[in-house]
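A.B. asks: One predicted model, sequence on top.
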Amino acid sequence: MIQLKGVNKYFYQGEPREVHALRDIDLTIEKGEFSVISGTSGCGKTTLLNAIGVLDSISDGEIILDGKEIANLSAEAKTEIRLHEIGFVFQAYNLVPVLTAEENIGLIMRMQGFDDAQISQRVREIATLLQIDDKLDSLPNLLSGGQQQRVAVARAVASKPKIILADEPTANLDSSNSKALMNMMQTLNEKEGVTILFASHDNYVVESVRRIIRLDDGALVT
Amino acid sequence: MFKLALKNILYYKGRSVTTFLLTFISAFFFIVYVAFMDGSHSSMLKNALDVYTGSLQIYQKEYRDKGGYDYLIEENQKVFEILSDIEGIKAYSSRLETFGIASSKKHSAAMMLTGVDFSKEAKLSQLQKALQEGLYDSTGTCLYMGSELAKKLQLTIGDEVSFVGSAIDYSFVAELFKLCGTFKTGMYDFDRQSAFMNRPYFDTIFLSQNSSSYIVSMAEQMSDNDSIAHQISRDLPTDLRVYTWEELMKSMVELMKIDSLFGYISISLFFLVIFFVIMIYGFINVSTRIKEFGILKSIGLSDRDIDRLLFYEIFILTTGALMLATPLGSWLVYYFEIYPIVIPGMSEIYKEYGVVSDEVPTRFEPLTIIWNVLVVFFLNLLSILYPMFYVRSFTPVEAMRHV
Ligand SMILES: Nc1ncnc2c1ncn2[C@@H]1O[C@H](COP(=O)(O)OP(=O)(O)OP(=O)(O)O)[C@@H](O)[C@H]1O
Ligand SMILES: [Mg+2]
């Protein structure tokens, strides 16, 4: 479903402090995968995830989503791809502070133009699955870290994107919350068939996925 | 998006309150300031025009440059006929000015003696209202004299005044008049130099039947004045010309323009300050929210969406503030137009500008208020441009890393 061909990423290209963050990455992610990109800190996990999510540009190579090259599109086209095809979960939850949990979860669907009834129904469905249906009216700062992260997952999942990219989703959570979150994401993967790609060096994550993609100093380890 | 903007406004209270208050204050201040400025200008003009000048005057072409009896209007009747056919004219009359020496038993002074039609002047000017002592509408050898002139000549009502001047055929005129009334318009120079006399007797002395220095007319509505002037010009004999009050009061009109200009310059400075404060608050607010915008961008909001969000925020704040400031400002301005503020002694200070009352009126003019409000509105919208530009300069990843 997602195919990376010869992807390279440099920061500060051409300068003395140049960083070669991704080296000739060739990678295929299939529909329905539940995988992690793993490796030491600074090996390029976030960079790779951001590249797949067209959140950041790449220096050369191609990224093909369902047969369509997406890495070299215009900024507007990339925005559209992020809105419609990709869901993000970040380490720092990254919820919109002024919106309630329900509004945060429904935000992307609202941007996509769904009507209130559709949004409300889908939000409830996902919230029940993630066990946050009793917190829907709360603002993010009144929720625990684990709850905030589940809201963030719900927001990413609600609009049924082709892939969820989750960068260190458990890094700010304690072990029981991490476990619970991973269980729920596994359920989502199984029940909703969502493709999920993590970037993490957290054991809870690495142990619960079905495929581990190892990265070392920007290159895939085979 | 609109809802999100509203929520942001409620959430970021400091910025919202500051922007709201500043917008409110500047709009309110602007409306009131301009209304006072316009009000004092128009009341000065109105006073000046009402007192004596009228809204337009008709002259023989050369008279205003050269003066004297050689350039009098010789066919009053013809001009009167033209004026009587035009709508919107409240009153008109002819005046004939002569200059000479007036003497009492003790003193002498230069005097401008003008032959007028008292009954018409009553509708045209403030001469009758300015009556101080004695009679206004008098006949025969009666003089109606400025109070300052009467004081200078040490005259009281009923005293005799001798006058030496010339008739319009340049023959010598020496006459004995009687002081029948005095007036005080408040315009010092006018009150110190002028005296009036009924036209029939004046004409027998100065041999001036059917002639005049000029014909003065007052429009019912000042706003119609230009079109009236235009209509008159069309029918007027070619040796005559219409002067509107703008031309007659040229120096005063220019003084007011300069005054307005300075007014606008000082208020522009004020706005510049307000503009930057609003912009800086907007900028600070936006800077603290860079991460939030990064999130929004990463989940699929475009730069345009973010611009729209920021625009809505300032739009809501501005509109809210203006919706409060406009009626309040308008009401205040309207109120002070009807019940002007009185500053005792003001007419003394501004005597030379023709201010004859201590009232400081405002001018309630919906159109002016609308453009005042629009200026504030657009300045506010403009103030968000730089913050918008700043937010755009971040890529989603940079923005999310921002702390
Ligand atoms: N915006 C950036 N500008 C410059 N260099 C960067 C930037 N982002 C990442 N890098 C560099 O690229 C390399 C890979 O960084 P990346 O964040 O992808 O690592 P990571 O595997 O996610 O690390 P961690 O486990 O600590 O999150 C690092 O050497 C980092 O210093
Ligand atoms: Mg990382």
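C.D. replies: Looks like it came in fine. Because the structure is predicted, anything quoted here is derived from the model rather than measured. Ligands and ions are numbered 1, 2, ... in the order given.
A.B. asks: hey, which helix is longest across chain B?
C.D. replies: Determined from DSSP state H, the single longest helix within chain B is helix B:250-288.
A.B. asks: Would you mind identifying the helix or strand in the chain with the lowest mean pLDDT?
C.D. replies: You didn't say which chain, so I picked chain A. Lowest by mean pLDDT, DSSP states H and E among the helices and strands of chain A is helix A:203-208, with a mean of 88.
A.B. asks: actually it's chain B I care about, not the one you picked
C.D. replies: Result, chain B / mean pLDDT, DSSP H and E: helix B:346-349, a mean of 70.
A.B. asks: What is the subsequent helix or strand relative to that one?
C.D. replies: Scanning forward in sequence from helix B:346-349 by DSSP states H and E, the next helix or strand is strand B:359-360.
A.B. asks: hmm, who's touching the helix or strand following that next one?
C.D. replies: Once the chain leaves strand B:359-360, the next helix or strand it forms, by DSSP H and E, is helix B:366-383. If you take Cβ atoms under 8 Å, 6 or more residues apart in numbering or on different chains as the criterion, helix B:366-383 is touched by B:19, B:23, B:26-27, B:30-31, B:34-35, B:38, B:271, B:274-275, B:278-279, B:282, B:311, B:314-315, B:317-319, B:322, B:325-326, B:329-330, B:333. (C-beta placed from N, C-alpha, C; glycine too.)
A.B. asks: packing partners for the longest helix of chain B?
C.D. replies: helix B:13-48, helix B:303-338, helix B:366-383, helix B:385-392 (3 or more Cβ pairs under 8 Å, 6 or more residues apart in numbering or on different chains; DSSP states H and E).
A.B. asks: Could you list every helix and strand in contact with the first one?
C.D. replies: For helix B:13-48, the contact count by 3+ Cβ pairs under 8 Å, 6+ apart identifies helix B:250-288, helix B:303-338, strand B:359-360, helix B:366-383 as packing neighbours.
A.B. asks: residues in contact with stretch A:72-83?
C.D. replies: Here stretch A:72-83 has contacts from A:53-55, A:62, A:65, A:70, A:88, A:108, A:111-112, B:297-303, using Cβ under 8 Å, 6+ apart.
A.B. asks: So which bits of stretch B:256-267 are buried?
C.D. replies: Going by neighbour count (16 or more other Cβ atoms under 10 Å in any protein chain shown), the buried part of stretch B:256-267 is B:256, B:263, B:267.
A.B. asks: nope, stretch B:127-135 is what I meant
C.D. replies: Buried residues in stretch B:127-135, counting neighbours by 16+ other Cβ under 10 Å, are found at B:127, B:128, B:130, B:131, B:134.
A.B. asks: Please identify the residues of chain A in proximity to chain B?
C.D. replies: By Cβ under 8 Å from any Cβ of the partner chain, the residues of chain A that approach chain B are A:50, A:53, A:55-56, A:75-76, A:79-80, A:82-84, A:86-88, A:90, A:94-99, A:107-108, A:111, A:155-156.
A.B. asks: In strands only, show me those residues.
C.D. replies: A:86, A:87, A:88 (DSSP state E).
A.B. asks: and the least confident helix or strand of chain A, is it in reach of ligand 1?
C.D. replies: No - on the criterion Cβ under 6 Å from any ligand atom, helix A:203-208 is out of touch with ligand 1, staying 12.0 Å away.
A.B. asks: Downstream of that helix, the next helix or strand is which one?
C.D. replies: Per DSSP H and E, the first helix or strand lying C-terminal to helix A:203-208 is strand A:211-216.
A.B. asks: Each with direction, which strands does that next one pair with?
C.D. replies: strand A:34-38 (parallel), strand A:219-221 (antiparallel) (DSSP bridges).
A.B. asks: hang on, the earlier thing: can you redo the helices and strands packed on helix B:250-288 as JSON lines with mean neighbour count and mean pLDDT?
C.D. replies: As requested, the helices and strands packed on helix B:250-288 are exported to JSON lines (neighbours: other Cβ atoms under 10 Å in any protein chain shown; pLDDT from 0 to 100):
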{"stretch": "helix B:13-48", "mean neighbour count": "20", "mean pLDDT": "87"}
{"stretch": "helix B:303-338", "mean neighbour count": "18", "mean pLDDT": "93"}
{"stretch": "helix B:366-383", "mean neighbour count": "17", "mean pLDDT": "91"}
{"stretch": "helix B:385-392", "mean neighbour count": "16", "mean pLDDT": "93"}
